[in-house]
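1. Structure of the sequence below:
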Amino acid sequence: MRKNMVVLGLAALFVLGAVSMTLGAEEKMAEAKTASHHPAEAHKIMGEVVSVDANAHTLVVKEMLKKGGETKEMTFNWTDKTKVMMSYKTAAMFTDLKAGDSVTVHYHGKAGKMDATEVVVAKAMKK
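-> Alright, predicted model coming up:
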C-alpha cells in the first residue's frame with residue numbers, strides 16, 4: 001500500500017510539472033502576440049533637418065551615420081503633444097527648426113509610420 005502511495009505521489013508531481021511547463025509556454029506565446037500588437041518601442045536618431053512642413057505636420061531628417069555608411073532621409077509626423085527643445089533646456093516650436101539644424105529625434109514607429117515624441121536641437125546651423 002505504501003509503495004502504491006509513493007508511486008501515485010510521484011505520478012502526480014510529474015503531471016503537475018508537465019502542466020505548469022505547458023502553461024508557462026502558453027503565457028510566453030500570448031505575451032509575444034500581445035507585444036506585436038503594441039506600438040514599437042521608442043527609438044531615436046541623430047541627424048540634420050532637411051525640411052519642416054507645418055501644414056502636413058512632418059519633419060524630414062537626414063540621418064547621421066558612422067563613417068562609410070549611407071545616409072538616409074526619414075520622415076516623422078508630429079502632434080501637439082510632440083516636444084521641441086533647444087539643447088534639452090528651452091522649449092521651442094517646429095517653426096523654429098531650420099534646414100541644417102542638428103537634431104535628435106525620439107520617435108515611435110507604427111506600421112511604417114514614424115511619430116516623433118520629442119525633437120531636441122543640438123545646435124542651429126549658422127547662416
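
2. where does the chain dip in pLDDT?
-> Per-residue confidence for the chain (pLDDT under 70) gives these ranges: 16-19, 21-40, 88, 110-112, 123-127.

3. okay, now the domains of it?
-> Domains of the chain are assigned by automatic domain parsing as 1-38, 42-123.

4. Which residue ranges of the chain form helices?
-> For the chain, applying DSSP state H gives helices covering 2-37.

5. what's the burial count for the residue nearest to residue 93 when sequence neighbours are not counted?
-> Distance criterion C-beta to C-beta, 6 or more residues apart in numbering; nearest residue to residue 93, sequence neighbours excluded, is residue 84 at 5.9 Å. To be clear about C-beta, it is placed using only N, CA and C from the backbone, and glycine gets the same treatment. Neighbours of residue 84 under the rule other C-beta atoms under 10 Å: 20.

6. Correct me if wrong: residue 84 contacts residue 119.
-> Yes. Using C-beta atoms under 8 Å, residue 84 is in contact with residue 119, at 4.9 Å.

7. Which neighbours do those two have in common?
-> Shared contacts of residue 84 and residue 119 (C-beta atoms under 8 Å, 6 or more residues apart in numbering): 94, 97.

8. before we move on, the earlier item: comparing the domains of the chain, which comes out most buried?
-> Highest mean neighbour count among the domains of the chain (mean count of other C-beta atoms under 10 Å): domain 42-123, with a mean of 15.

9. Next up, the contacts around residue 59.
-> Here residue 59 is in contact with 49, 51, 52, 53, 75, 76, 78, 94, 97, 105, 116, 119 (C-beta under 8 Å, 6+ apart).

10. So what sits opposite it in the bridge?
-> Residue 59 has the following beta-bridge partners by DSSP bridges: residue 52, residue 76.

11. what about the residue nearest to residue 93, distance to residue 100?
-> From residue 84 across to residue 100, the span is 16 Å (C-beta to C-beta, to the nearest Å).

12. what's the answer for residue 4, then?
-> Taking C-beta to C-beta, one finds residue 4 at 84 Å from residue 100.

13. again with residue 3
-> Residue 3 is 85 Å from residue 100, where distance means C-beta to C-beta.

14. wait, residue 94 sits on residue 83?
-> No. Counting by C-beta under 8 Å, residue 94 stays clear of residue 83, with 10.5 Å between them.
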